[in-house]
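A.B. asks: Sequence first, then the predicted structure:
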Amino acid sequence: DQQVKQNSPSLSVQEGRISILNCDYTNSMFDYFLWYKKYPAEGPTFLISISSIKDKNEDGRFTVFLNKSAKHLSLHIVPSQPGDSAVYFCAAHSGTYKYIFGTGTRLKVLA
Amino acid sequence: NAGVTQTPKFRVLKTGQSMTLLCAQDMNHEYMYWYRQDPGMGLRLIHYSVGEGTTAKGEVPDGYNVSRLKKQNFLLGLESAAPSQTSVYFCASSSSTDTQYFGPGTRLTVL
């Protein structure tokens, strides 16, 4: 049973436009959510996180929104740049060390 | 400051052979993790450790053993490799239940 789902395997966006990556979860005990970015042949790198007590967190061009009632979070990248082309994973945990990752969305930003 | 390093980067095994993957971190992190990444499956937690001398099972522990004899090292062992263990293995470390820092990965093929 996939507790964290990223239903879009891929997304293409024009440079300068907004990229929106979505993530849904089923476990209401999750209270911390993270987004990681992964380039080919490298390990994932942390991008941004949000606690369940917030509904928005912003860091430069990256904003994460959390809708607890819908069990949904999204990552907005504005403006999108070619260097943002990568696989993005969302992850969640419930205050323990057992992170649950989604299957990833491959973002391609077209120049 | 190398962060998280993994040895080896690539390995090919025959079914039934054994091997050990080494993860080392120089950030003095208490927590360390082993994940595997398979196409369409995201990252799945194999085993983790919350401190020197401790280990615990993750989502997919069968067929693997781990040891954390020193705080900076976390070893993942395959006693009798199977083709189903063909995957990319990532090690990570963290100082809390917050951001995890990942190594570059080990690509393992079992024939």
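C.D. replies: Looks like it came in fine.

A.B. asks: Quick check: closest non-adjacent residue to the residue of chain B found nearest chain A.
C.D. replies: Residue nearest to chain A within chain B (Cβ to the nearest Cβ): residue B:102, separated by 3.2 Å. The way it works is simple: take the backbone N, C-alpha and C, and place the C-beta from them, glycine included. Nearest residue to residue B:102, sequence neighbours excluded (Cβ to Cβ, 6 or more residues apart in numbering or on different chains): residue A:43, at 3.2 Å.

A.B. asks: can you count the residues close to the residue of chain B closest to chain A?
C.D. replies: Applying other Cβ atoms under 10 Å in any protein chain shown, we find 23 residues neighbouring residue B:102.

A.B. asks: Now do the same contact list for it.
C.D. replies: By Cβ atoms under 8 Å, 6 or more residues apart in numbering or on different chains, the residues touching residue B:102 are A:36, A:43, A:44, A:45, B:4, B:90, B:91, B:92.

A.B. asks: what about 6 Å?
C.D. replies: By Cβ atoms under 6 Å, 6 or more residues apart in numbering or on different chains, residue B:102 lies in contact with A:43, A:44, B:90, B:92.

A.B. asks: now do residue B:24
C.D. replies: Taking Cβ under 6 Å, 6+ apart as the test, what residue B:24 contacts is B:5, B:72, B:73.

A.B. asks: Among the residues you listed, name the buried ones.
C.D. replies: Buried members of the contacts of residue B:24, scored by 16 or more other Cβ atoms under 10 Å in any protein chain shown, are residue B:73.

A.B. asks: just for chain A, where's the confidence low?
C.D. replies: Within chain A, the stretches with pLDDT under 70 are A:1.

A.B. asks: Report the closest residue of it relative to chain B.
C.D. replies: For chain A, the residue closest to chain B is residue A:43, as judged by Cβ to the nearest Cβ, at 3.2 Å.

A.B. asks: Find the nearest non-adjacent residue to residue B:75, please.
C.D. replies: Counting by Cβ to Cβ, 6+ apart, the residue nearest residue B:75 is residue B:67, at 4.9 Å.

A.B. asks: thinking again about what came up before, the residue of chain A closest to chain B reaches residue B:106, doesn't it?
C.D. replies: No: Residue A:43 is beyond contact range of residue B:106, at 10.3 Å (criterion: Cβ atoms under 6 Å).

A.B. asks: Could you look up the SS state of the nearest residue to residue A:79 once chain neighbours are set aside?
C.D. replies: Nearest non-adjacent residue to residue A:79, counting by Cβ to Cβ, 6+ apart: residue A:16, 4.6 Å away. Following DSSP: H, G, I helix; E, B strand; the rest coil, residue A:16 is assigned to coil.

A.B. asks: CA-only coordinates of stretch A:44-52 in CSV, if you can.
C.D. replies: Below are the C-alpha coordinates for stretch A:44-52, written out as CSV (Å, rounded to 0.1, in the frame of the first residue of the first chain):
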residue,chain,number,x,y,z
PRO,A,44,18.8,13.0,-3.5
THR,A,45,19.3,16.4,-2.0
PHE,A,46,17.0,18.2,0.4
LEU,A,47,15.0,21.0,-1.1
ILE,A,48,12.3,22.2,1.3
SER,A,49,10.1,20.9,4.1
ILE,A,50,6.9,21.7,6.0
SER,A,51,5.5,20.8,9.3
SER,A,52,1.9,19.8,9.7
